[in-house]
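Engineer: Show me the folded form of this:
(2 chains)
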Amino acid sequence: MRSLSLIAATTMREAARRKLVALAAAVGGAFLLLYGLAWDLAMRSPHNIVHAPNRAFERQGEGLFVLMGLYAANLLVATVAILAASDTLSGEIANGAMQTIVSKPVPRRVVILGKWLGFVALLTAFQGAILGGVMGIAYGFTGYAPPHIAAGCGLMWMEMTLLLTVTLLWGTRLPTLANGVLSLGLFGMAFLGGWIEQIGALTHHPKAVNVGIVASLIMPSEALWRRAAFEMQSPLMTALNLGPFVSASVPSGAMIAYAGLYTAAALGLAVFAFSRRDL
Amino acid sequence: MPNELAIEATGLRKRYGRKLALDGLSLEVRRGEAFGLLGPNGAGKSTCLKLLLGLARPTAGTARLLGRPAGDVEARRRVGFLPEHFHFYDWLSGAELLELHGRLYGMEAGQLRRRVPELLERVGLETQGKKPLREYSKGMQQRVGLAQALLHEPELVFLDEPTSGLDPLGRRLVRDVIREQRARGAAVFLNSHLLGEVEVSCDRVAFVRAGRILATRDLHAQPAGAVRVRVRAAGAPAGFWQRYGAAPAADSAPAREVELAGEGEIPKLARALVEAGAAVYEITPVAASLEEEFLRVIGPEAAEGAGA
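Structural biologist: Next up is the predicted model:
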């Protein structure tokens, strides 16, 4: 237990010392600044989507604008999760630091779980700040808050954790660059699959929907985002299938459970693979 | 003490794909002994160390450290390890590195407050402890790596090519540290391709080539069988040296090396010289140098990769 928290704390300290925290804060800050600017311009423009003929329509425009912000924020968090974790195992194995650590009286599972916990804590803070920022800015301008915030953010947290865990799993076997390419590639494939599924649902092509489902089975990250978007969109949007950030084909509860099991299995496999590999 | 052996390895084999890195290596290291594994690059020294530390799994064979299976967490608690080309998180300072490693060993904060400055001083980094490792030279990294391996006063210390990157002062530090560890009863396992380093530091040495131990030698044992002696004597009659297979020399007291059947022959040679009316300046047994033995055991082609 002591070693676990020591390794988690060391992972966080590394992020702080190597300016990862400062950079993430700068990027997140710039992102929120831009988003705030967009709101400011939208509120001032006479032709903008948030100025609809009546209050109910105005709310739809606001909701769409919030989803757009969440969509971009979620993409940013997902990418940061993959990039931050892609070097941590393979890099330390390659430069020899890992050999010194695992020759200490600490089981290897504790080493990898400690790193995982450290990254989960860091990325949760990052994600919380950036999602909170997006919703806070929107609320500040309009007083609008999306529905089911806890469920939506929880689903996005699941997506971040999934991507982090899968990247750590590949890191037990692959060098940094290969790991980054593979993890980002899988994320991209799921992303594309999600869009194919969306378009298939809107145009009533069941085959396209199935392609999306298969992509989600291989990598369920995008399914989690789409479920989150579904939870956080207004019921009217759902009824009208309105706009590009809205979930037309909604991932089922079974798919969400599958994503959770997928993450747990990836973590178990990462522990197993790292415990058995030669260093 | 439950077990007098610090290391006990039997038939260790390790295959990496098609390459056989270790081919049935067996060895024993006693507690309090400094043991050197000597061999050319690629002989399997580092692989052997990895198997003993549990960093890699043997394809076959078993190893025990301090009476426990190699790789066991409890065994690692009492073991220190300096890897070849020590490298660690460069964003830590030297003192922070030692604190982190101490805590990984399970040491208490109070112990660390005492041991960390002690160790920094021992390796000559007492004024550099607050500097980040990224500002350390290669030699300083190696020194802090050495400190890290000794922090918890282990019963067994593994040093993998410890003097790589060290200047002559650093090499001397390693030598002194090995002596100190032995003096307090710890066993030292030294991997090296530097003959001189092993010769001055170790009690026993094993020659390894192509994943096998070819010979083991006790560096303190009196040589059995034939001995070579260096003799300086003047005035022996012509023909005297022919008995010993040495050529007569022109100047007054030249040094000659002659081979005798055993140690008991040395006083007899002295007596024979005196009785023959010679003036004896020196009779010194010459131990076969480790280098000669290394070349003989390993073979000159394989030894080319190793520096003498």
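
Engineer: excluding its backbone neighbours, what's nearest A:Met43?
Structural biologist: In this structure, A:Met43 finds its nearest non-sequential neighbour in A:Phe141, 5.8 Å apart by C-beta to C-beta, 6 or more residues apart in numbering or on different chains. C-beta coordinates here come from the backbone N, C-alpha and C atoms, glycine included.

Engineer: In terms of helix, strand or coil, where does the one you found fall?
Structural biologist: helix (DSSP: H, G, I helix; E, B strand; the rest coil).

Engineer: going on from the helix-or-strand element of chain A with minimal mean pLDDT, what's the next piece of helix or strand?
Structural biologist: Between all helices and strands in chain A, the lowest mean by mean pLDDT, DSSP states H and E belongs to helix A:235-240, at a mean of 70. Note on helix A:235-240: by DSSP states H and E, the next helix or strand toward the C-terminus is helix A:253-276.

Engineer: Kindly export that following helix (C-alpha atoms) in PDB.
Structural biologist: Extracted C-alpha coordinates of helix A:253-276, given in PDB (Å, rounded to 0.1, in the frame of the first residue of the first chain):
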ATOM      1  CA  GLY A 253     -26.200   0.200 -21.600                       C
ATOM      2  CA  ALA A 254     -24.700  -3.100 -22.600                       C
ATOM      3  CA  MET A 255     -22.000  -1.300 -24.600                       C
ATOM      4  CA  ILE A 256     -21.200   0.900 -21.600                       C
ATOM      5  CA  ALA A 257     -20.900  -2.100 -19.400                       C
ATOM      6  CA  TYR A 258     -18.700  -3.700 -22.100                       C
ATOM      7  CA  ALA A 259     -16.500  -0.600 -22.100                       C
ATOM      8  CA  GLY A 260     -16.100  -0.800 -18.300                       C
ATOM      9  CA  LEU A 261     -15.200  -4.500 -18.500                       C
ATOM     10  CA  TYR A 262     -12.800  -3.800 -21.400                       C
ATOM     11  CA  THR A 263     -10.900  -1.300 -19.200                       C
ATOM     12  CA  ALA A 264     -10.800  -3.700 -16.300                       C
ATOM     13  CA  ALA A 265      -9.500  -6.500 -18.600                       C
ATOM     14  CA  ALA A 266      -6.900  -4.200 -20.200                       C
ATOM     15  CA  LEU A 267      -5.600  -3.200 -16.700                       C
ATOM     16  CA  GLY A 268      -5.500  -6.900 -15.600                       C
ATOM     17  CA  LEU A 269      -3.700  -7.800 -18.800                       C
ATOM     18  CA  ALA A 270      -1.200  -4.900 -18.400                       C
ATOM     19  CA  VAL A 271      -0.400  -6.100 -14.900                       C
ATOM     20  CA  PHE A 272       0.100  -9.700 -16.100                       C
ATOM     21  CA  ALA A 273       2.200  -8.700 -19.200                       C
ATOM     22  CA  PHE A 274       4.400  -6.400 -17.200                       C
ATOM     23  CA  SER A 275       4.900  -8.900 -14.400                       C
ATOM     24  CA  ARG A 276       6.000 -11.600 -16.800                       C
END
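
Engineer: What helices and strands are in contact with that helix?
Structural biologist: When contacts are defined as 3 or more C-beta pairs under 8 Å, 6 or more residues apart in numbering or on different chains; DSSP states H and E, helix A:253-276 sits against helix A:108-142, helix A:149-171, helix A:206-218, helix A:221-232.

Engineer: and the angle from the longest one to helix A:149-171?
Structural biologist: It stands for helix A:108-142. Angle of helix A:108-142 versus helix A:149-171, following axes from the mean of the first three to the mean of the last three C-alpha atoms, to 10 degrees, is 140 degrees.

Engineer: now helix A:108-142 and helix A:221-232, what's the angle there?
Structural biologist: Interaxial angle, helix A:108-142 versus helix A:221-232 (the same axes, to 10 degrees): 40 degrees.

Engineer: So what's the gap between helix A:108-142 and the chain middle?
Structural biologist: Mean C-alpha position of helix A:108-142 versus that of the full chain (C-alpha atoms, centre = their mean, to the nearest Å) differs by 9 Å.

Engineer: and if you look at stretch B:84-101?
Structural biologist: With C-alpha atoms, centre = their mean, you get 25 Å for stretch B:84-101.

Engineer: for stretch A:191-207, same thing?
Structural biologist: On C-alpha atoms, centre = their mean, the centre of stretch A:191-207 falls 21 Å from the chain's centre.

Engineer: Dump the C-alpha coordinates for it into PDB.
Structural biologist: This file holds the C-alpha atoms of stretch A:191-207, laid out as PDB (Å, rounded to 0.1, in the frame of the first residue of the first chain):
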ATOM      1  CA  PHE A 191     -13.900   7.800 -33.800                       C
ATOM      2  CA  LEU A 192     -14.400   7.100 -37.500                       C
ATOM      3  CA  GLY A 193     -16.600   4.000 -36.800                       C
ATOM      4  CA  GLY A 194     -18.700   6.200 -34.600                       C
ATOM      5  CA  TRP A 195     -19.300   8.700 -37.400                       C
ATOM      6  CA  ILE A 196     -20.200   5.900 -39.800                       C
ATOM      7  CA  GLU A 197     -22.700   4.600 -37.300                       C
ATOM      8  CA  GLN A 198     -24.200   8.000 -36.800                       C
ATOM      9  CA  ILE A 199     -24.600   8.600 -40.600                       C
ATOM     10  CA  GLY A 200     -25.900   5.100 -41.000                       C
ATOM     11  CA  ALA A 201     -28.500   5.800 -38.400                       C
ATOM     12  CA  LEU A 202     -29.500   9.100 -39.900                       C
ATOM     13  CA  THR A 203     -29.800   7.600 -43.400                       C
ATOM     14  CA  HIS A 204     -31.200   4.300 -42.200                       C
ATOM     15  CA  HIS A 205     -28.400   2.100 -43.300                       C
ATOM     16  CA  PRO A 206     -28.200  -0.800 -40.800                       C
ATOM     17  CA  LYS A 207     -24.900  -2.100 -42.300                       C
END
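
Engineer: outside of it, which residues touch it?
Structural biologist: A:208-209, A:211-216, A:218, A:221-223, A:225-226, A:241, A:247-249 (C-beta atoms under 8 Å, 6 or more residues apart in numbering or on different chains).

Engineer: Show me what residue of the stretch 151-300 of chain B gets nearest to chain A.
Structural biologist: B:Phe158 (8.2 Å; C-beta to the nearest C-beta).

Engineer: Pairing partners for the helix or strand where B:Thr10 lies, with directions?
Structural biologist: Taking DSSP H and E as the definition, one finds B:Thr10 inside strand B:5-16. Paired with strand B:5-16 in the same sheet, following DSSP bridges, are strand B:19-30 (antiparallel), strand B:60-65 (antiparallel).

Engineer: With mean pLDDT added, can I get those in JSON lines?
Structural biologist: Output for the strands paired with strand B:5-16, formatted as JSON lines (pLDDT from 0 to 100):
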{"stretch": "strand B:19-30", "mean pLDDT": "91"}
{"stretch": "strand B:60-65", "mean pLDDT": "93"}
